[in-house]
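Enquirer: can't give you the sequence, but here's the structure:
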């Protein structure tokens, strides 16, 4: 069974501060906070990523996972999410991907790998 770490063990997480909000003209009223669709609910992305991870082994799997998580972290940071919210989103996403990987294994869809 594949267990996904959230970040590489040797990599210390450092989130940049949120970008300042651009100044708006007085006639434009802010509409509120950004409320993105939660990463953990993006079923298509989760299924696709889980399938890709199951098709890879060792360092290739780890590298693919860390690249995917890094890209998501960057996207959330670019839209102004706090480090705490980014981490919360990534943890939920990791859990959803892990659940899907486990489901693939239970359905017998895993190609090779470690039998338990």
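Expert: Good, I have the coordinates. Source: prediction; values computed, not measured.
Enquirer: for the protein, which segments count as helices?
Expert: Using DSSP state H, the helices of the chain run over residues 43-55, 58-78, 83-107.
Enquirer: run through the residues that contact the nearest residue to residue 89 once chain neighbours are set aside.
Expert: By the measure of Cβ to Cβ, 6 or more residues apart in numbering, the closest residue to residue 89 outside its immediate chain neighbours is residue 39, 4.8 Å from it. For every residue, glycine as well, the C-beta is placed using N, CA and C. Listed by Cβ atoms under 8 Å, 6 or more residues apart in numbering, the contact partners of residue 39 are 45, 72, 89, 90, 92, 93, 96.
Enquirer: any idea how far residue 39 is from residue 96?
Expert: From residue 39 across to residue 96, the span is 8 Å (Cβ to Cβ, to the nearest Å).
Enquirer: picking that back up, output the helices of the chain in JSON lines, with mean pLDDT appended to each entry.
Expert: Rendered in JSON lines, the data for those read as follows (pLDDT from 0 to 100):
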{"stretch": "helix 43-55", "mean pLDDT": "95"}
{"stretch": "helix 58-78", "mean pLDDT": "93"}
{"stretch": "helix 83-107", "mean pLDDT": "93"}
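Enquirer: so who does residue 46 touch?
Expert: Under the criterion of Cβ under 8 Å, 6+ apart, the contact list for residue 46 reads 40, 93, 96, 97, 100.
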